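>>> With the sequence up front, the predicted model follows.
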Amino acid sequence: MASFADLSPVISSTPTSSIAIDGAEIIDWSRRGRFAAVTGGDEFLRILGFSSDLDSPEVLLNHDLGGDAQSVAVKGRWMAVAVSDDKTERGEVQLYRYNKKGRLKLKDTQEVGFLPDSIAWSGNSIVIANEGEPNDFYGTEDGVDPIGTVSILGFEDGEVISNDELKFNKSGFTRSVLLANDVRLHGLSGSAKRELEPEFVAIDPAGEFAYVTLQENNAIARIDLGAKSIESVTGLGEKYWNQSGWIVDTSNEDGPDGDELYNPGVRDFYGFYMPDGMDVFTDGNGDTYVVMANEGDARIRPDDVNFEAGSDGTFSFSKNNKGNAIAEVEDGLTGAMLYVYEGKAGKKRTIFEAEEGDEFFLTMKYGAVADDDFYADEDRADDAADHGFAGSNDIVSGAGEGRLKLVVDQITSDTITGFGARSFSIRNTAGDLVWDSGDQLDRIAAMAGTYDDGRSDDKGIEPEHVEIAELAGRHFAFITFERSTGGSLIPVYEITDVTNPQHVHTLLAPDSDEPESSVFVKTSATGGVLMVASEDSGTVDTFAFGLDML
């Protein structure tokens, strides 16, 4: 486990270059073509060019994909882009070649699973994690819950020669088997194949296995690429916070006047690891490890709100436009336009009460629905007794507490569990925990002045992604945080000794926000450049990093 060693330096490097583009979420690098491919959650693939020292970025191309881009992976001059317009319908992988003249050509399109969310190359294979996430109406008669799968495309001589979809239930991973493996299954369907949600895929250095996080299931799957089979699905267990002197803040209302204040202390609760992004490396002894960013995630994210109340009062809405509407929103079920009015005057209007800042999901069929009213696997700590908790715990009833969001299906008479572990961890290929950063990442953010206390009641800094670089036989992990204030913060750890990683450096892009992914471009045996795509700011930053900086 992590020690209380000095976590300085707090801030060591800022970007060598930065560029704002319309969308930046997933980034990958072509060593052969010397360009970066970026997707940003919209319908565009963006190609960035750089100077010889990987500085001075410029947008070379914006290409309309005709659908929402989920991820991109690069091999040479080839790009595989995962595209999904509707998460309840099958998505596709679009294969492009970007030639030396700067021309992009679509070479193939392959149908894959539902919501292809992550994609990676492994030699002549393309591996896709198809999340199979439910729609926003999950919990109603209009709910749809597709199956989660893993696709493998065979690629040879510029063509896709095979398209295999691996299904967990067809591989012997029944509900009983998964539960015995400590995999979290908790949805409404009772169907394991619908409850499993592949999130992120990474390939081992030998190209023999793919590792897939199943974030909401608190598990990881290992895929044998040669056999094209799911070898194992392993639950990751829980992190117990009341050990090793770890401190954590579990409320955003624990300041002197009930306001936000970073106020960490020893807390008695568990946390599901629930990793998102990860990377895989093999150490000098030939042992392979998976390094995970333990973000945490509820199975159903808050429903897509389409109206926020600007004041306290009574509101109403209908499909009739009377000319004095305060908002026009789209019905999330039918697509029809809805008109929102102050007050309740008028015929055939749906009426609701709201306080300033309240958010709602408006549809004619279901009315004004608050976040998670259809289905929720989370609840606040001060409601733990409603789910069977009968113990004494400051998180539940302490002054300024009661705010932590708990995993409802894990509440017992004397224990509570939160989402995520606010850490990164190292595991062996069997899924066994080798090392966890404990409370270090929260503390690094606090020392840097970038800790967002507004997220203390959720999942803290929400570690999002891990990128690993090998320099002169030493291994370094770059950890991106989705939640911080004052810029994109990225601690750097040396993980050469997997049992005793050390915080050696910290990167900060003050004008960027919510880094989603990164890629390290090695330029010499001892150094290179980290490229970071930040989702909220729509920026790509580059950071120099090398052994001479340590």
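Thanks, I have it.

>>> How is this protein divided into domains?
Domain assignment of the chain by automatic domain parsing yields the ranges 17-237+273-297+420-549, 242-271+372-415, 307-370.

>>> which stretches of the chain form helices?
Using DSSP state H, the helices assigned to the chain run over residues 175-180, 192-195, 394-397, 440-448.

>>> Name the helix or strand of this protein that has the lowest mean pLDDT.
None of the helices or strands of the chain scores lower by mean pLDDT, DSSP states H and E than strand 367-370, at a mean of 90.

>>> right, so the domains of the chain: which one is the most enclosed?
domain 17-237+273-297+420-549 (a mean of 20; mean count of other CB atoms under 10 Å). C-betas here are computed from N, CA, C, even on glycine.

>>> re earlier: out of the domains of the chain, nearest to Leu7?
domain 17-237+273-297+420-549 (5.0 Å; CB to CB).

>>> How far away from the center of its chain is that closest one?
Its chain's average C-alpha position is 8 Å from that of domain 17-237+273-297+420-549, according to CA atoms, centre = their mean, to the nearest Å.

>>> Quick one: end-to-end length of that domain, please.
18 Å (CA to CA, to the nearest Å).

>>> And for stretch 137-155?
Termini of stretch 137-155 sit 37 Å apart (CA to CA).

>>> quick revisit: would you format the domains of the chain as JSON lines with distance to Ile11 included?
Listed next are the domains of the chain as JSON lines, based on distance: least, CB to CB, whole Å:
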{"stretch": "domain 17-237+273-297+420-549", "distance to Ile11": "5"}
{"stretch": "domain 242-271+372-415", "distance to Ile11": "17"}
{"stretch": "domain 307-370", "distance to Ile11": "33"}
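
>>> Describe which strands the least confident helix or strand of the chain pairs with in its sheet and in which direction.
Note on strand 367-370: by DSSP bridges, its sheet partners are strand 359-363 (antiparallel).

>>> what's the partner strand in contact with?
136, 303-309, 317, 329, 331-334, 338, 340, 350, 352, 354, 368-371, 373 (CB atoms under 8 Å, 6 or more residues apart in numbering).

>>> wait, what's in contact with Val290?
With CB under 8 Å, 6+ apart, Val290 has these contacts: 202, 211, 220, 278-280, 426-429, 431.

>>> Distance check, it against Val466.
With distances taken as CB to CB, to the nearest Å, Val290 is found 9 Å from Val466.

>>> Overlap in contacts, those two.
278-279.

>>> wait, Asp372 sits on Arg380?
No - assessed by CB atoms under 8 Å, Asp372 is found out of contact with Arg380, at 11.2 Å.

>>> hang on, the earlier thing: between the helices of the chain, which one is nearest to Ala206?
Nearest to Ala206, of all the helices of the chain, is helix 175-180, at 27.1 Å by CB to CB.

>>> Let me see the mean pLDDT of the closest one.
For helix 175-180, mean pLDDT is 95.

>>> Need the contact partners of it.
168, 185, 190-192, 196, 219, 233, 235.

>>> Recalculate using a threshold of 6 Å.
Defining contact as CB atoms under 6 Å, 6 or more residues apart in numbering, one finds that helix 175-180 is touched by Ala192.

>>> residues making contact with the least confident helix or strand of the chain?
Against strand 367-370 from outside (CB under 6 Å, 6+ apart): 350, 352, 360-362.

>>> give me that answer again for 8 Å
In this structure, residues lying in contact with strand 367-370 by CB under 8 Å, 6+ apart are 303, 307, 315, 317, 350, 352, 354, 358-363.

>>> okay if I get these as a markdown table plus pLDDT and distance to Ala180?
Formatted as a markdown table, the contacts of strand 367-370 follow (pLDDT from 0 to 100; distance: CB to CB, whole Å):
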| residue | pLDDT | distance to Ala180 |
| --- | --- | --- |
| Asp303 | 56 | 33 |
| Phe307 | 94 | 45 |
| Phe315 | 96 | 50 |
| Phe317 | 96 | 48 |
| Thr350 | 94 | 47 |
| Phe352 | 95 | 45 |
| Ala354 | 94 | 46 |
| Asp358 | 91 | 43 |
| Glu359 | 90 | 40 |
| Phe360 | 92 | 41 |
| Phe361 | 91 | 37 |
| Leu362 | 94 | 43 |
| Thr363 | 94 | 40 |
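
>>> Just flag the most distant two among these.
Asp303 and Phe315 (17.5 Å).

>>> State the distance from Asn500 to Glu494.
Distance of Asn500 to Glu494, given as CB to CB: 9 Å.

>>> repeat for Gly23
Per CB to CB, Gly23 is found 33 Å from Glu494.

>>> now do Gly286
For Gly286 relative to Glu494 (CB to CB), the value is 19 Å.

>>> ditto for Met364
From Met364 to Glu494 the distance is 57 Å (CB to CB).

>>> Can you pull out the low-pLDDT segments for the stretch 251-400 of the chain?
Residues of the stretch 251-400 of the chain meeting the criterion pLDDT under 70: 300-303, 371.

>>> can we see that at 80?
Applying pLDDT under 80 to the stretch 251-400 of the chain flags the ranges 299-304, 345-347, 371-373.

>>> which residue ranges form the strands in it?
Assigned by DSSP state E, counting those that start in this stretch, the stretch 251-400 of the chain shows strands spanning 270-272, 278-282, 288-294, 307-308, 313-318, 327-330, 337-342, 350-354, 359-363, 367-370, 378-380.

>>> What of the stretch 401-550 of the chain?
405-407, 417-419, 423-428, 433-436, 463-471, 474-481, 488-494, 502-509, 515-524, 527-534, 539-546.

>>> which stretch among these comes nearest Tyr240?
strand 417-419 (9.8 Å).

>>> ok now that closest one, how far from the chain's centre?
On CA atoms, centre = their mean, the centre of strand 417-419 falls 16 Å from that of its chain.

>>> which residues sit against that strand?
Taking CB under 8 Å, 6+ apart as the rule, strand 417-419 contacts 238, 250, 269-272, 274, 296-298, 378, 404-407, 410-411, 458-459.

>>> hmm, 7 Å instead?
238, 269-272, 274, 296-298, 378, 404-407, 410, 459 (CB atoms under 7 Å, 6 or more residues apart in numbering).

>>> With stretch 376-385 instead?
So stretch 376-385 is in contact with 186, 298-300, 387, 395-396, 401-409, 411, 416, 419, going by CB under 7 Å, 6+ apart.

>>> Give me the most central residue, this protein.
Asp276 (4.8 Å; CA atoms, centre = their mean).

>>> which residues touch it?
Asp276 touches 199-200, 213, 215, 293, 295, 464-465, counting by CB under 7 Å, 6+ apart.

>>> so how far is Ala129 from it?
The value you get for Asp276 to Ala129, if CB to CB is used, is 11 Å.

>>> shared neighbours, those two?
Looking at what touches both Asp276 and Ala129 (by CB under 7 Å, 6+ apart), the common residues are 199-200.
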